[in-house]
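>>> I would like the atomic coordinates for the input below:
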Amino acid sequence: MANNAKIPVGRNNLFYSDEDFDFETDILIGYMEEDLNQTVVLYSVDRKNTQTDALYKSATQGIRFMPPVEIPCMFEIEGSQIKSYDTKTSNGVYVLSGNLTVYVMPKVLEKYSCDIRRGDYIGVQIDVDRMSYFVVTDDGKMNNANNLYVGAYKTAWRVVKCSPVSDTEFTGK
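Modelled structure (predicted):
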């Protein structure tokens, strides 16, 4: 017996409502914007104006970007990694920044009129003279894990995973 009727789940808003959710997420946004002071710079790929190969969808000319947007968030950069160009002899050793994890609220992205998508670039200001760049590998849009819910009501976070890029791949210009 197939029942295709959509049954609303009433238990989630029994003691918690949209007003409660908005209130708590607004407090979190205020904390991130005014107290935490962690931001990243989003370089969104302009998918309309970037010419791509019909088969592989890779850029045939240069990648075009939307104007950069500074977004308040929480982020974590993992420890650096030592890599080698030649794994057999360990010649050509170089150090690569660790991966970046960005915790951002969808309400913040709406407020700043932007969205983070796989393939976009993110810059993190390391010190006064240096910014590190990362490419988005997981845009966090599948965000239904329990730790992303606020008040067991609905999700309020996206966890965006990024990998470091070389100076030849992206320089923020």
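
>>> not counting its neighbours along the chain, what's nearest Y121?
Of all residues not flanking Y121 in the chain, Y43 sits nearest, at 4.1 Å (C-beta to C-beta, 6 or more residues apart in numbering). Heads up, the C-betas are built off the backbone N, CA and C, glycines and all.

>>> what stretches of this protein score poorly on pLDDT?
Counting by pLDDT under 70, the ranges of the chain that qualify are 1-16, 49-61, 83-87, 90, 92-95, 143-153.

>>> which strand is the longest one in it?
With secondary structure taken from DSSP state E, the chain has its longest strand at strand 130-138.

>>> neighbouring strands for it, and are they parallel or not?
strand 121-127 (antiparallel), strand 158-164 (antiparallel) (DSSP bridges).

>>> buried stuff in the last one?
The neighbour-count criterion (16 or more other C-beta atoms under 10 Å) identifies 158-160, 162, 164 as the buried residues of strand 158-164.

>>> same deal with the first one?
By neighbour count with 16+ other C-beta under 10 Å, strand 121-127 contains the buried residues 121-124.

>>> next one: that strand to chain centre, how far?
Here strand 121-127 is found 12 Å from its chain centre; the criterion is C-alpha atoms, centre = their mean, to the nearest Å.

>>> what angle separates the helix or strand harbouring Y103 from strand 121-127?
According to DSSP states H and E, Y103 maps onto strand 100-104. Strand 100-104 and strand 121-127 are oriented at 100 degrees to each other (axes from the mean of the first three to the mean of the last three C-alpha atoms, to 10 degrees).

>>> pairing partners for strand 100-104, with directions?
When DSSP bridges is applied, strand 100-104 pairs with strand 74-77 (antiparallel), strand 158-164 (antiparallel).
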